[in-house]
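Novice: I'd like to go over a predicted model; first the sequence, then the structure.
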Amino acid sequence: MTLTTLLTNIGIAAIILTLVMVFAMKNTKSIWMSFLQNYCGVLFLFSGWVKAVDPLGTAYKMEQYFAEFESTFAATWMKFLAPLFPMLSEHAVSFSVFMIVLEIVLGLMLIIGLKRKMTSWIFFLLVLFFTFLTGFTYLTGYVPNNGNFFDFGSWAAYDKNNMKVTDCGCFGDFIKLEPYTSFLKDVFLLLPAIFFLLRHKTMHQVFNKPVRWGLVVLSTLGLLVYCINNFAWNLPHADFRPFYEGADIRSQMAKEKEAAGQVKITHWRLENVESGEEVVLENNEYLSNYKKYKGTYKVTEQIKSEPTMKMTKISDFLIEDPNGNDLTDEILSEAGLNLLIVNYKLKGGEAVEKNRMVKDSIFQIDTVLTSGSSEATIVKTFQALQEKEESYTDYIWDAGYLSKHTKLKTFTDAAKSKGLPIIMAIGGADEQQIRDFDQDTGLGLRYGQADDILLKTIVRSNPGVVLLKDGKVLEKWHINKLPNFQSVAAEYIK
């Protein structure tokens with residue numbers, strides 16, 4: 001679905017609601033105001049819902065924003081604000097749930113007309129907040145990689161590759177909007193937001209006051225449970241990401257690689273090394289006159305054609321073993337059932353230096369010349385067992401997180417007994433940490449390393465379990481909803 005189609009459908013829903021209020025409920029003071037209430041209300045209901053199905057997705061997006069804000073403010077006179085953002089990042093999930101519930105409930109409040117003045121102010125402030133986020137996202141495209149957002153004198157030509165946060169997440173993973181489009185959308189929403197502030201007394205109200213409050217209170221409680229269920233107890237009930245159940249990862253990856261291979265350089269952006277003058281040349285023109293520009297101009301950008309299909313996170317699917325050997329093809333080419341266990345972050349893992357006593361065998365080595373032989377034989381004779389102290393690094397894992405792997409071990413042990421290949425993909429851990437983790441959990445699995453963002457995209461659980469066959473996703477499980485392997489075998493192993 002495109003943004004135009006979505007906004008059109010929302011407009012149709014708003015018109016229907018407005019007509020019902022005008023002709024059936026007869027409680028409108030201004031048809032235009034009622035339409036705006038219903039339009040903005042339905043828009044917030046929908047945009048909130050597509051995020052409510054996946055609160056972790058919004059939390060991950062907020063973590064990206066907080067990290068970027070921290071580095072941006074730290075390099076300015078406002079550096080006293082920088083320590084605030086790591087603290088906010090620690091509570092990104094709670095912040096995500098709060099914002100999602102607020103957005104949906106606010107949409108409902110607009111439609112039913114609860115506390116019109118208060119609703120108008122909350123709507124205005126929330127849209128202003130969204131405008132700041134989307135504006136920041138878009139405008140960072142003008143900031144060079146080594147520049148700071150607030151150093152306006154260093155801004156250069158727009159380059160989407162300069163953006164640290166590539167999309168605002170306005171509609172979760174349902175629709176990915178270009179930053180410029182998101183920014184314009186929020187600027188547009190400021191118009192009805194200001195209109196509501198100025199004319200809130202003409203806003204319609206439906207039902208009586210107790211019913212309006214009852215709807216809002218019940219909706220808030222229900223949405224809180226719904227959001228928490230979609231990450232703490234279960235996987236999102238709707239999966240808009242490319243690794244959804246039924247996705248053919250191998251085929252899609254091949255298509256995306258083919259499309260990427262067909263991308264061609266169409267133009268070259270050059271900058272005069274002395275004057276700083278920029279010129280943009282067609283590819284053939286630049287290559288034909290290469291010697292003319294060599295030394296006088298430097299290449300600042302290769303402008304390429306758009307791929308024939310949109311790239312997804314599947315293009316970034318890469319899992320390597322601790323030695324750097326690529327495991328991707330092995331995972332996706334397995335003709336039979338195989339399991340991919342996702343651990344985007346090993347929780348805890350605090351390194352503690354400890355000492356321990358180890359026993360060391362002492363041997364005496366002699367050279368013996370046997371009769372009748374001209375060659376000496378080396379003989380090693382055991383002498384004693386000596387204890388010595390050695391230092392080592394121990395990793396302290398989060399107790400609750402570690403206990404989840406007890407249940408996982410029962411599942412993977414049963415899978416191994418049936419001959420299923422299993423690889424656990426881990427993000428952000430080195431070989432020593434992985435080895436210690438395997439020893440403490442007793443899993444005894446093969447391990448791979450991958451980008452943590454990729455792993456978060458594959459399954460919204462840490463750990464999470466993905467059942468694959470011939471590169472296709474058959475099923476995914478949250479660790480708290482992991483069934484016993486016997487039921488999985490009964491369904492998939494014939």
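Specialist: The structure has been received and is ready for your questions.

Novice: every contact and neighbour count from this point should use C-alpha atoms.
Specialist: Noted.

Novice: what segments of the protein are strands?
Specialist: Listed from the start of the chain, the chain has strands (DSSP state E) covering 265-272, 278-282, 297-304, 337-343, 348-369, 376-397, 422-426, 446-449, 464-469, 472-478.

Novice: of all these, which lies closest to Phe243?
Specialist: Counting by Cα to Cα, Phe243 lies closest to strand 472-478 out of those; the figure is 7.1 Å.

Novice: so which elements touch the closest one?
Specialist: Strand 472-478 sits against helix 249-261, strand 464-469, with contacts defined as 3 or more Cα pairs under 8 Å, 6 or more residues apart in numbering; DSSP states H and E.

Novice: so what's Lys404 up against?
Specialist: Ile479 (Cα atoms under 8 Å, 6 or more residues apart in numbering).

Novice: pLDDT at it, what is it?
Specialist: What the model reports as pLDDT for Lys404 is 91.

Novice: go on, Lys472?
Specialist: So, for Lys472, pLDDT stands at 96.

Novice: ok, it touching Gln252?
Specialist: No: using Cα atoms under 8 Å as the test, Lys472 is too far from Gln252 to be in contact (9.9 Å).

Novice: higher neighbour count, these two?
Specialist: Lys472 (23 against 18; other Cα atoms under 10 Å).

Novice: tally of neighbours for the nearest residue to that one once chain neighbours are set aside?
Specialist: Excluding the flanking residues, the one nearest Lys472 by Cα to Cα, 6 or more residues apart in numbering is Asp248, at 4.3 Å. For Asp248, the neighbour count with other Cα under 10 Å is 20.

Novice: how about low-confidence regions in the protein?
Specialist: In the predicted model, the chain carries pLDDT under 70 at residues 1, 354-358, 368-374, 376, 389-392.

Novice: what helices or strands is the biggest helix by length in it leaning on?
Specialist: The single longest helix within the chain, with elements called by DSSP state H, is helix 116-139. Contact partners of helix 116-139 among helices and strands, from 3+ Cα pairs under 8 Å, 6+ apart: helix 92-112, helix 179-198.

Novice: in CSV, list the strands of the chain along with distance to Met25.
Specialist: Listed next are those as CSV, based on distance: least, Cα to Cα, whole Å:
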stretch, distance to Met25
strand 265-272, 59
strand 278-282, 61
strand 297-304, 56
strand 337-343, 53
strand 348-369, 57
strand 376-397, 60
strand 422-426, 57
strand 446-449, 60
strand 464-469, 49
strand 472-478, 45
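
Novice: Asn161 is nearest to which of those strands?
Specialist: strand 297-304 (10.8 Å).

Novice: helices or strands up against the closest one?
Specialist: So strand 297-304, by 3+ Cα pairs under 8 Å, 6+ apart, packs with strand 265-272.

Novice: returning to that earlier point: highest average neighbour count across the helices and strands packed on helix 116-139?
Specialist: Stretch with highest mean neighbour count among those: helix 92-112 (a mean of 23; mean count of other Cα atoms under 10 Å).

Novice: so which residues make contact with that helix?
Specialist: 37-38, 40-49, 51-52, 55-56, 58-60, 62-63, 115-116, 119, 122-123, 204-207, 212, 216, 219-220, 223-224, 227-228.

Novice: out of those residues, which are buried?
Specialist: If you count burial by 16 or more other Cα atoms under 10 Å, the buried members of the contacts of helix 92-112 come out as 37-38, 40-49, 51-52, 55-56, 58-60, 62-63, 116, 119, 122-123, 204-206, 212, 216, 219-220, 223-224, 227-228.

Novice: which of the residues you listed fall in helices?
Specialist: Short answer: the buried ones among the contacts of helix 92-112 in helices (DSSP H) are 37-38, 40-49, 51-52, 55-56, 58-60, 62-63, 116, 119, 122-123, 212, 216, 219-220, 223-224, 227-228.

Novice: how many neighbouring residues does the spatially closest residue to Asp438 that is not a sequence neighbour have?
Specialist: Closest residue in space to Asp438, ignoring its immediate chain neighbours: Gly444 at 6.2 Å, by Cα to Cα, 6+ apart. For Gly444, the tally of surrounding residues (other Cα under 10 Å) stands at 13.

Novice: if we can go back for a sec, I'd like the distance between the residue nearest to Lys472 and Val473.
Specialist: Distance, Asp248 to Val473, by Cα to Cα, to the nearest Å: 7 Å.

Novice: do the same with Ile493
Specialist: 15 Å.

Novice: domain map for this protein?
Specialist: 3-233, 264-304, 315-347+398-492, 353-391 (automatic domain parsing).

Novice: specify the angle between the longest helix of the chain and helix 92-112 in degrees.
Specialist: Orientation check (axes from the mean of the first three to the mean of the last three Cα atoms, to 10 degrees): helix 116-139 against helix 92-112 gives 130 degrees.

Novice: His204: what's it in contact with?
Specialist: Asn27, Thr28, Lys29, Ser30, Met33, Ser34, Ile112, Gly113.

Novice: which of those residues fall in helices?
Specialist: Met33, Ser34, Ile112.

Novice: before we move on, the earlier item: and the helices and strands packed on strand 472-478, which is most packed in?
Specialist: It is strand 464-469: most buried of those by mean count of other Cα under 10 Å, with a mean of 22.

Novice: list of residues touching that strand?
Specialist: With contacts defined as Cα under 8 Å, 6+ apart, strand 464-469 is touched by 332, 334-343, 459, 473-479, 482.

Novice: repeat that with 7 Å
Specialist: With contact meaning Cα atoms under 7 Å, 6 or more residues apart in numbering, strand 464-469 is reached by 334-343, 473-479.

Novice: and for Ala75, nearest residue in space, chain neighbours not counted?
Specialist: Asn148 is the one closest to Ala75 (Cα to Cα, 6+ apart), at 7.4 Å.

Novice: hmm, the one you found is touching Thr72, no?
Specialist: Yes: under the criterion of Cα atoms under 7 Å, Asn148 makes contact with Thr72 at 6.2 Å.

Novice: run a quick neighbour tally on Asp329.
Specialist: What Asp329 shows, counting by other Cα under 10 Å, is a neighbour count of 12.

Novice: how near is it to Arg250?
Specialist: Taken as Cα to Cα, the span from Asp329 to Arg250 is 9 Å.

Novice: same check on Thr72?
Specialist: 39 Å.

Novice: how about Phe98?
Specialist: Where Arg250 is concerned, Phe98 sits at a distance of 37 Å (Cα to Cα).
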